[in-house]
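K.L.:
Coordinates for the following, if possible.
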Amino acid sequence: MNRLTQIIALLRSRNGLIFLVGVLLVLNIGRFAYGRYQDALDALESKQALLDQYNISTQSIDLLREKIKQLDERRRHFDGYLFTGTDKADIASAMQLKLQELLGVAGLTPESLRPLSRSSGKDDSKGYGEVVVKIRLTGELDNFMKFLSSLYRLNYLFKIENFTLKPFKKTELKVFLELKGFYRLAEAEKK
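P.N.:
Residues are numbered from 1 along each chain as shown. Below you'll find the predicted structure:
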């Protein structure tokens with residue numbers, strides 16, 4: 001207790017007050033320096049977080065570029081199997097000629113071969129579309145199998161939507177066939 005009274009008495013004197021002001025000044029300078037240090041650390045952490053986010057973004061951009069490159073390569077490969085032309089009428093005519101050629105080589109007699117124009121609208125805007133071709137023909141089953149075989153060996157993409165086989169005469173068949181051929185407009189490539 002005696003010691004405490006001596007300290008209080010010392011603080012009441014002029015030297016004690018100067019000492020107390022010095023201690024408080026040193027503590028305030030320390031608190032100020034610590035605050036500046038914390039601000040600098042916070043700014044550094046913020047910049048590091050931004051840099052990490054930038055690195056992640058650039059990595060994802062590189063991955064996206066690689067994915068775009070792969071998709072473009074797949075598109076080019078797929079486009080090789082499509083009919084190409086400037087408009088749908090030219091493409092339908094080219095499909096019709098190709099199918100007539102295949103039917104002739106297979107030994108089948110086409111009674112009717114006509115493209116139907118169905119437009120979905122959504123594919124046409126991107127330059128891709130489909131043409132439905134209805135075929136009515138007569139011939140033998142072996143010849144029809146030759147036709148199907150040559151159709152699927154073509155470098156063009158066709159899909160058989162529907163077909164019906166009916167007996168005709170003794171050895172022949174009447175075949176009703178609905179094919180869907182796919183195309184790409186050459187103008188859409190330039191856009």
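
K.L.:
Point to the helix or strand of the chain where mean pLDDT is at its lowest.
P.N.:
Within the chain, no helix or strand scores below helix 186-190, which has a mean of 60 by mean pLDDT, DSSP states H and E.

K.L.:
tell me which element L71 falls in.
P.N.:
helix 14-79 (DSSP states H and E).

K.L.:
Packing partners of that helix?
P.N.:
For helix 14-79, the packing partners by 3 or more C-beta pairs under 8 Å, 6 or more residues apart in numbering; DSSP states H and E come out as helix 2-12. For glycine as for every other residue, the C-beta is placed from the backbone atoms N, C-alpha and C.

K.L.:
Let me know the angle separating the helix it packs on from helix 14-79.
P.N.:
On the basis of axes from the mean of the first three to the mean of the last three C-alpha atoms, to 10 degrees, helix 2-12 is oriented at 90 degrees to helix 14-79.

K.L.:
okay, now the domains of this protein?
P.N.:
2-76, 83-190 (automatic domain parsing).

K.L.:
and the helix holding L71, how far from the chain's centre?
P.N.:
Helix 14-79 has its C-alpha centroid displaced from the chain centroid by 34 Å (C-alpha atoms, centre = their mean, to the nearest Å).

K.L.:
do stretch 172-189 as well
P.N.:
26 Å.

K.L.:
so where's the protein shaky on pLDDT?
P.N.:
1, 10-11, 117-125, 187-191 (pLDDT under 70).

K.L.:
switch to 50 and redo it
P.N.:
Flagging of the chain using pLDDT under 50 yields the residue ranges 188, 191.

K.L.:
Packed most tightly, which of the domains of the chain would that be?
P.N.:
domain 83-190 (a mean of 15; mean count of other C-beta atoms under 10 Å).

K.L.:
roughly how far is that one from the heart of the chain?
P.N.:
30 Å.

K.L.:
can you check stretch 8-19 too?
P.N.:
79 Å.

K.L.:
Output that stretch in CSV with nothing but the alpha carbons.
P.N.:
What follows is stretch 8-19, C-alpha atoms only, in CSV (Å, rounded to 0.1, in the frame of the first residue of the first chain):
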residue,chain,number,x,y,z
ILE,A,8,0.4,8.3,-6.9
ALA,A,9,2.5,11.0,-5.2
LEU,A,10,5.1,10.7,-8.0
LEU,A,11,2.3,11.1,-10.7
ARG,A,12,1.1,14.3,-9.1
SER,A,13,4.5,15.9,-9.5
ARG,A,14,5.6,17.5,-12.7
ASN,A,15,8.1,14.7,-13.6
GLY,A,16,5.4,12.1,-13.0
LEU,A,17,3.0,13.9,-15.4
ILE,A,18,5.6,14.1,-18.1
PHE,A,19,6.4,10.5,-17.6
